[in-house]
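Student: My questions concern the predicted model and sequence given below.
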Amino acid sequence: MKETNFVVEVEGVSFAYRQQTVLEDIHMRIPAGSFLGLCGPNGSGKSTLIKLLLGLNRPVDGQVKLFGTSVKSFKNWSKIGFVSQKANSFNSGFPATVFEVVSMGLYGKVGLFRFLTKKHKEKVKEAIKQVDMQDFMYANIGELSGGQQQRVFIARALVSDPELLILDEPTVGVDAKSVSNFYTMLRDLNTNKGITLILVTHDIGAMTDYVTDVACLNKCLHFHGNKSDFEENQEEMLSAMYGHDVSMIEHNHDHHHHDHHHDHDHVRGEVR
Ligand SMILES: Nc1ncnc2c1ncn2[C@@H]1O[C@H](COP(=O)(O)OP(=O)(O)OP(=O)(O)O)[C@@H](O)[C@H]1O
């Protein structure tokens with residue numbers, strides 16, 4: 001029998017800022033090749049958990065392993081790409097092209113201010129194509145929309161061939177119409193390139209059509225499993241987690257109908 005490879009193993013992890021416990025006894029194993037949507041309300045500890053995975057926070061209890069190695073001694077950071085919502089902050093005057101920004105993803109490998117070889121340049125172009133931004137290769141980053149900028153940051157993370165890509169609220173500031181294209185691109189990276197993805201979001205509805213697995217966090221891990229198990233149990237889970245605040249989980253579940261009355265029938269996890 002083939003053993004499952006886990007990219008991330010979280011074993012009994014707790015974390016507190018001073019006296020405030022933010023994460024409590026989290027157990028979680030993320031198999032290679034999965035696309036995990038990590039959701040939870042504001043302040044539920046999502047970003048804190050990501051910082052633990054990246055070794056930026058030390059757990060109070062328990063341990064984190066990356067590719068089978070404790071994060072404390074993990075060195076192979078080029079296997080991991082990270083894109084945060086704050087990446088998306090270039091103003092229109094910023095004097096760098098898409099090509100240059102994506103090249104920065106290689107500096108860990110080639111050293112800052114070294115010349116890029118032809119091979120490196122090919123890699124940069126390939127990463128830009130993967131996020132479907134080839135038409136903007138030499139455009140200034142500051143002139144692009146929020147969603148386009150986020151694609152460029154993903155390309156910058158992809159250029160060093162990561163096996164795991166972590167995205168913390170990448171669609172903040174991306175207009176609604178671009179969000180589904182953005183998620184489709186992520187799904188393609190997962191299925192075609194086999195990159196394991198962790199997508200942090202407080203918007204459950206928008207991502208469930210794209211991910212393979214879902215984790216729901218609110219200090220404790222309320223659920224972690226594949227998407228179909230999640231969909232069977234989601235009403236209970238969401239009302240336990242979000243109470244009566246369903247505004248953030250509205251979602252047009254139906255792909256074939258676009259009239260508003262119909263959409264409204266498909267609000268998920270509705271609690272009245
Ligand atoms: N550096 C810090 N010092 C003290 N408290 C913090 C710090 N960072 C986060 N917190 C607190 O820890 C809790 C969890 O925050 P965290 O940012 O992990 O949640 P989140 O789920 O990512 O939230 P959001 O969706 O709003 O980004 C919150 O109550 C927050 O106020």
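Tutor: Perfect, I can see it now.
Student: Helix or strand with the lowest mean pLDDT in this protein?
Tutor: helix 260-265 (a mean of 37; mean pLDDT, DSSP states H and E).
Student: so what's Thr4 closest to, chain neighbours aside?
Tutor: In this structure, Thr4 finds its nearest non-sequential neighbour in Pro31, 5.2 Å apart by CB to CB, 6 or more residues apart in numbering. (C-beta placed from N, C-alpha, C; glycine too.)
Student: Equivalent analysis for Phe74, please.
Tutor: Leu66 is the one closest to Phe74 (CB to CB, 6+ apart), at 4.8 Å.
Student: The one you found bridge partners, please.
Tutor: Beta-bridge partners for Leu66, by DSSP bridges, are Val8, Thr69.
Student: What is the burial count for it?
Tutor: By other CB atoms under 10 Å, 23 other residues sit near Leu66.
Student: thought it was touching Leu53?
Tutor: Yes - look at Leu66 against Leu53 with CB atoms under 8 Å: they come within range, at 7.2 Å.
Student: list the residues that contact both of these two?
Tutor: Listed contacts common to Leu66 and Leu53 are Val8; contacts here mean CB atoms under 8 Å, 6 or more residues apart in numbering.
Student: if I look at Glu9, how far off is the ligand?
Tutor: Note on Glu9: its distance to the ligand, by CB to the nearest ligand atom, to the nearest Å, is 20 Å.
Student: Go through stretch 51-71 and flag the buried ones.
Tutor: Leu52, Leu53, Leu54, Gly55, Asn57, Pro59, Gly62, Val64, Lys65, Leu66, Phe67, Val71 (16 or more other CB atoms under 10 Å).
Student: Can you name the residues in contact with it?
Tutor: Under the contact criterion CB under 8 Å, 6+ apart, stretch 51-71 has outside partners 6-16, 23, 25-26, 48, 72, 74, 76, 79-80, 82, 163-164, 166, 198.
Student: Just those: which are in helices?
Tutor: Members of these lying in helices (criterion: DSSP state H): Thr48.
Student: Which ones among the contacts of stretch 51-71 map onto strands?
Tutor: Judged by DSSP state E, the contacts of stretch 51-71 include 6-16, 23, 25-26, 80, 82, 164, 166, 198 as members of strands.
Student: would you list every one of the helices in the stretch 101-250 of the chain?
Tutor: Assigned by DSSP state H, counting those that start in this stretch, the helices in the stretch 101-250 of the chain fall at 107-110, 118-130, 146-158, 176-193, 204-207, 227-242.
Student: What residue in the stretch 101-250 of the chain comes nearest to the ligand?
Tutor: Of all residues in the stretch 101-250 of the chain, His202 sits closest to the ligand, at 4.9 Å by CB to the nearest ligand atom.
Student: helix or strand for the nearest residue to Val211 once chain neighbours are set aside, which one?
Tutor: Of all residues not flanking Val211 in the chain, Gly37 sits nearest, at 4.0 Å (CB to CB, 6+ apart). Using DSSP states H and E, Gly37 sits within strand 35-39.
Student: so who does Glu231 touch?
Tutor: Thr208.
Student: cool, and Glu163?
Tutor: Val7, Ala32, Phe67, Lys79, Ile80, Ile195, Thr196.
Student: I figured Asn190 hits Leu199, correct?
Tutor: No - assessed by CB under 8 Å, Asn190 is found out of contact with Leu199, at 9.7 Å.
Student: joint contacts of the two?
Tutor: Phe35.
Student: number of nearby residues for the residue of the stretch 101-250 of the chain closest to the ligand?
Tutor: Using other CB under 10 Å, His202 has 17 other residues around it.
Student: what does the one 5 residues further on give?
Tutor: Met207 has 25 neighbouring residues, counting by other CB under 10 Å.
Student: Could I get the contacting residues of it?
Tutor: Gly37, Cys39, Tyr183, Leu199, Thr201.
Student: which one of these is nearest Thr212?
Tutor: Closest approach between these and Thr212, by CB to CB: Gly37, at 8.8 Å.
Student: who's that closest one bridged to?
Tutor: Beta-bridge partners of Gly37, as defined by DSSP bridges: Leu199, Val214.
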